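Peer 1: Next come a sequence and a model predicted from it.
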Amino acid sequence: MLTPTLILALLPLVFLYLWRRLRYLRFEQYASWPQLPPSLVWGHMKALNDFVNRGERRRHVDHVFEDVKAYLGNPPLYFLDLRPVVGVLGIVCNHEIAEQIARSTKTFPYSMGKSPTMKALEPLLGPNSLITAEGDKWKALRKRYNPGFAPQHLLTLLPCIIDKARIFVQCLDEYARTGEEFSLEDRCTSLTLDIIGAVTMDTDMHAQRLPHQQSPLTRLYRQLLASYSRDSNISKFRLSWLLVPFTYLRRKHLVRQIDAILITHIKAKYAEQQQQHRQQQTQTTTWDRNPTSRSVLALSLQETDTDHLTPEFLHETADQLKSFLFAGHDTTSILLQWTFYELSRTPRVLQAVRRELDTIFGKDTSSSPDAVAEMLLNSGGEDKYLSQMTFTAAVIKEILRLHPPSGSARYAPPGTGFIVTLPDDGRTICLDGVVMYNCATVVQRDEAVYGPTREEFWPERWLEGGFGSCGGAVESGGRGGGSASPKDGEKLKFGGGAEQIPASAWRPFERGPRNCIGQGLVYLEVRVILACTLRYFDFEKVGLGAVARDSAGEPVLDAERGRFEVVEELFNTMQVTAKPVDGMRMKVRFASGE
Ligand code: HEM
C-alpha cells in the first residue's frame, strides 16, 4: 500500500512527466510543420480563435484557414493542434500536396482513408454510406452505382430534370409578378431535392410545393438538415454545447422516422419489381434483370438474389439513399445560388452567357423557357444543345472554383508511413495520425496558380484552348461566348488561360478514386436550369451582397473588373457544407430582353 507520504513524494514526478509530455506534444511532435506559435495549454485553439475574431465571425472556417495561410507566408500546408477538442489537423493549401493525398498509392489503392471526423455526419448518411465506406466494401458499392452515372444514362434523365426545372421557373415567374423578396436557397434546394429524389429512388419528393403538400420524407429530411444549421457554425460555438443532448435525441428520432419511410419505399419498389418479374415470366422465358431505371434504388435491388429482403439489405440500402439525397442536393443548390448571384453582379459575363444561349437556342426563344425546354426534350437523347454551352460551362467551373461547397478530410492511422513531398523544397513530411484537410477553397485561390485574379469571378480563364485539361465534365473543346474572352492585353492582366492551370488546381469534386460520382449529373442539371432561366429573369440581391447604387439609383460599376460594386460582400457560412450566410435573399424581374 502506498502511504500518503509516498504519494506526496511521487506527485512532483508525475507532474514533471505530464509537463514534459505536454511540451513534447505541443512543441516538438510536429515542430517541422509550418504553424502558428503554439501554446502549452491551448495548442493552436486560442490563436485560431483570434483569427476567427478578426473578421466576420459567421464566415466559413475555410476563409479563416486562408487568413492563417497568408499570415504564415503562404506555406503549401500547415499544422493546427486543436487537441483535445478536435485533434490534430493538417490544412492543405497547395494542389500538388492535395493530389498526393487524394491519389491511389500502394498502401491505399483507393486513396487515403476518410477522416474519423466524418462520423459527425452519420445521422445524415447512416453507418454504411458509400461516402464513408472504405476498402473493398467501398469498391463494391462504387462499382454498383457507377452505371447510374454513365453519360449516356444521365441523358435519359433529361425529361425528369426538365419537368422539375419547369416548376422552378413557375415559382420564379410568380415572384417576378409580385416583386416579392424570397430565399433563393429555399427555391434551389427544393428544386435539387426534387431532382435527386427522382434520380436516387424514382420518387417525387414534391419539395417545390407548399410545406403541407410536400412528401413526409421531404418534411422530415428538412428538419434533420435544419438541426445541423444550429450547431455547425463556429460563431455559435459556446452556447450550442448546451443544446447538444437535445439535438442528438431529436436527430435520432428524425432518423428513425426517415429510415422507416425509406424502408417502406424500398419494399414497395421490390414488390413492384417482383410483380414485373412474374409478368415477364408468363410472357417470355427470361427475366430482364437490367430494368431501364438505373436509380440508386434500382441498382441496389439488382443485387438481391433472395426472394425476400433481409433487414441488413434494407438498412444498408436506406443508408445509400440518404447519402445520395444529401450529397446530391445541397451542393448543387449552392452552385446554382452562387451562379445566379455572381451573374447578377457581373453584367459582362451575363451578357456573354445570354449571347451564347441566343446562338444555340435562337433569339426567338429568349423569352420562353418552355420553348427551350421543348428543344432540349426533342434533342433525340443527345446533348447536342448542352454540349455547345461552353461559355456557360466555364461560368459553372469558375463558380465551383471560387465557392466550392465542400472539401475533403482524410486520415492515415499512426504507423502507416504516409509521406508527402513538399513542392517548394522537396522536403518530405509524414502525415500519419494527422487529419488532412484538402481545402478546396484555399487551393483554388492559390496566387501561385491563379495569379492576381485569384479572388475574381473571371470565367474567361477557362476558355483558352481546351476545357478538358482541368478534368470534370467540361470536356468539349472550343471557345464560347465570343466577345467575353479577354483581349491579349487583358490576358496578361488577368493571368493566363486554361492551359496554364494544372488539372489538380481545380478540385471541387475532389480527384482520385474517391472523387464525386455525381459530377456529370451536376453539369447536366445546372446547364438545363441555366438555359431555361438566364435570359428570362434578372436577379437582384437584397441585403448582404446587394449592389451599391449612386445618388440617381444606378448601380455603380467597377469598370476595371467589369462588375457592380456591392455595399457589403456576401460570404459563405458553415452548415455542414459552405453556403451563403443569408439564404441568398433575392428579388427577381422579367428580363428586359435587351
Ligand atoms: C456541385 C455539386 C457537387 C459537389 C461540389 C460535390 C463534391 C463532392 C466532393 C468534394 C466529394 C468528395 C468528398 C470526400 O472526399 O469526402 C464528393 C463525393 C461524392 N459525391 Fe459529390 N458533389 C456534388 C454533387 C453530387 C451529386 C449530384 C451527387 C449524387 C447524385 C453526389 C454524390 C457523391 C457521392 C456518392 C460521393 C462519394 C463518392 C465516393 O466516395 O465514391 N455529389 N462530392
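Peer 2: Nice, thanks for sending it over.

Peer 1: and the stretch 51-200 of the chain, which residues reach the ligand?
Peer 2: 114, 130, 131, 142 (Cβ under 6 Å from any ligand atom). In this view, the C-beta of every residue, glycine as well, is placed from N, C-alpha and C.

Peer 1: try the stretch 251-400 of the chain
Peer 2: Applying Cβ under 6 Å from any ligand atom, we find that the stretch 251-400 of the chain lies next to the ligand at 323, 324, 327, 328, 331, 332, 335.

Peer 1: The closest residue to the second one other than its chain neighbours: neighbour count?
Peer 2: This points to residue 324. Spatially, and ignoring its direct neighbours in sequence, residue 324 is nearest to residue 200 (4.4 Å; Cβ to Cβ, 6 or more residues apart in numbering). Other residues near residue 200 come to 25 when the count uses other Cβ atoms under 10 Å.

Peer 1: can you pull the contacts of residue 200?
Peer 2: 295, 296, 297, 321, 324, 325, 328 (Cβ atoms under 8 Å, 6 or more residues apart in numbering).

Peer 1: Max pairwise distance over those residues: which two?
Peer 2: 297 and 328 (13.3 Å; Cβ to Cβ).

Peer 1: can you put the residues of the stretch 251-400 of the chain next to the ligand in JSON lines and add pLDDT?
Peer 2: Rendered in JSON lines, the data for these read as follows (pLDDT from 0 to 100):
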{"residue": "323", "pLDDT": "97"}
{"residue": "324", "pLDDT": "97"}
{"residue": "327", "pLDDT": "96"}
{"residue": "328", "pLDDT": "95"}
{"residue": "331", "pLDDT": "97"}
{"residue": "332", "pLDDT": "98"}
{"residue": "335", "pLDDT": "98"}
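
Peer 1: which one of these has the most neighbours?
Peer 2: Highest neighbour count within these: residue 324, with 26 neighbours (other Cβ under 10 Å).

Peer 1: quick one: that residue and residue 198 touch, right?
Peer 2: No. The pair formed by residue 324 and residue 198 falls short of the contact definition of Cβ atoms under 8 Å, at 11.5 Å.

Peer 1: thinking again about what came up before, from the residues of the stretch 51-200 of the chain next to the ligand, pick the one nearest residue 30.
Peer 2: residue 114 (21.7 Å).

Peer 1: got a pLDDT number for the closest one?
Peer 2: We have a pLDDT of 97 for residue 114.

Peer 1: Which element, helix or strand, includes the closest residue to it other than its chain neighbours?
Peer 2: Of all residues not flanking residue 114 in the chain, residue 132 sits nearest, at 5.4 Å (Cβ to Cβ, 6+ apart). Per DSSP states H and E, residue 132 falls between elements, in no helix or strand.

Peer 1: With residue 100 as the reference, measure out to residue 132.
Peer 2: Here the criterion is Cβ to Cβ, to the nearest Å. By it, residue 132 lies 22 Å from residue 100.

Peer 1: Among the two, which residue is more densely surrounded?
Peer 2: Higher neighbour count among residue 132 and residue 100: residue 100, with 23 against 20, using other Cβ under 10 Å.

Peer 1: Tell me the pLDDT of the more buried one.
Peer 2: Reported pLDDT for residue 100: 98.

Peer 1: what's near enough to touch it?
Peer 2: Counting by Cβ under 8 Å, 6+ apart, residue 100 has contacts 420, 421.

Peer 1: neighbours around residue 91, how many?
Peer 2: Residue 91 has 27 nearby residues by other Cβ under 10 Å.

Peer 1: and whatever helix or strand it lives in, what does it pack onto?
Peer 2: Counting by DSSP H and E, the element that carries residue 91 is strand 87-92. Here strand 87-92 touches helix 61-71, strand 77-82, strand 435-438, helix 440-443, going by 3 or more Cβ pairs under 8 Å, 6 or more residues apart in numbering; DSSP states H and E.

Peer 1: I figured residue 129 hits residue 321, correct?
Peer 2: No. Using Cβ under 8 Å as the test, residue 129 is too far from residue 321 to be in contact (10.0 Å).
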